[in-house]
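**Student:** Pasting a predicted model and its sequence here:
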Amino acid sequence: MQRFRIAFIVTLLVLGLSPATATAKQLVLEEFFRGKTVGKGVFESKIAGVYRPFTVYLTGTWNARTFTLRLREDFVYEDGEKDTKTWFFQKVADGRYIGQRADVIAPTNVRTDDSGALRFSYVAELETENGPLLLKFDDTLTQVDRRTVRNTARVMKAGFTIGTVDLTFTK
């Protein structure tokens, strides 16, 4: 009987620690991105032969009255170019936001998926030396641990993937 109890306890411990039964932590934008965050990443387009590392410095401010996270992103590319973008994410329910940015064509729905990651797609108008360029981004933000979030994105033009973004944010 003692062996049975030990085997039962060991089985429960193994099942309780197995990845299949673990629940993923849901990313909450206003919690993780409030305050200062730094991201290191790269945009890569094998089609265009582009590999462009960058650092992004984020400042997040949460407005509890309007349920809105203002997220300022200051980009510094390895080649010295700088750019600033500001997102406004309004929380409309647990795990759901509406995101807006000046260069994004329409508000984007941000939703938490079954794994706890946030997913959203949007079309941004980027200024180039040849004029404006419309690109679609499919972003996934996954919380790795309490101090780390990974952002992966597909970048598309006319329905074809032309590049990717891989970015890691740390608190």
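**Tutor:** Thanks, I have it.
**Student:** Residue 125: what's it in contact with?
**Tutor:** Neighbouring residues of residue 125 by CB atoms under 8 Å, 6 or more residues apart in numbering: 103-105, 132-134. C-beta: built from backbone N, CA, C; applies to glycine.
**Student:** most neighbours, which of the residues you listed?
**Tutor:** residue 104 (16 neighbours; other CB atoms under 10 Å).
**Student:** hang on, that residue packs against residue 122?
**Tutor:** Yes. Applying CB atoms under 8 Å, one finds residue 104 in contact with residue 122, separated by 4.9 Å.
**Student:** helix or strand for residue 162, which one?
**Tutor:** Assigned by DSSP states H and E, residue 162 belongs to strand 160-170.
**Student:** okay, and for the protein, where does confidence drop off?
**Tutor:** 1-24 (pLDDT under 70).
**Student:** Okay, helices next: where are they in it?
**Tutor:** With DSSP state H as the criterion, the chain has helices at 2-17, 29-32.
**Student:** Report the spatially closest residue to the most centrally placed residue in the chain, excluding sequence-adjacent ones.
**Tutor:** The central residue of the chain, meaning the one whose C-alpha is nearest the mean C-alpha position (CA atoms, centre = their mean), is residue 141 at 2.8 Å. In space, not counting the residues next to it along the chain, residue 141 is nearest to residue 118; the distance is 4.5 Å by CB to CB, 6 or more residues apart in numbering.
**Student:** quick one: that neighbour from residue 47, how far?
**Tutor:** Here the criterion is CB to CB, to the nearest Å. By it, residue 118 lies 27 Å from residue 47.
**Student:** For these two, indicate the residue with more neighbours.
**Tutor:** Ranked by neighbour count (other CB under 10 Å), residue 118 and residue 47 place residue 118 first, with 25 against 11.
**Student:** what about the strands in this protein?
**Tutor:** Under the criterion DSSP state E, the chain contains strands at 35-45, 50-63, 68-77, 82-93, 96-101, 108-112, 118-128, 131-145, 148-157, 160-170.
**Student:** Turn these into a markdown table, columns for distance to residue 29.
**Tutor:** A markdown table is the format used below for those (distance: least, CB to CB, whole Å):
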| stretch | distance to residue 29 |
| --- | --- |
| strand 35-45 | 11 |
| strand 50-63 | 8 |
| strand 68-77 | 5 |
| strand 82-93 | 5 |
| strand 96-101 | 6 |
| strand 108-112 | 8 |
| strand 118-128 | 7 |
| strand 131-145 | 8 |
| strand 148-157 | 9 |
| strand 160-170 | 11 |
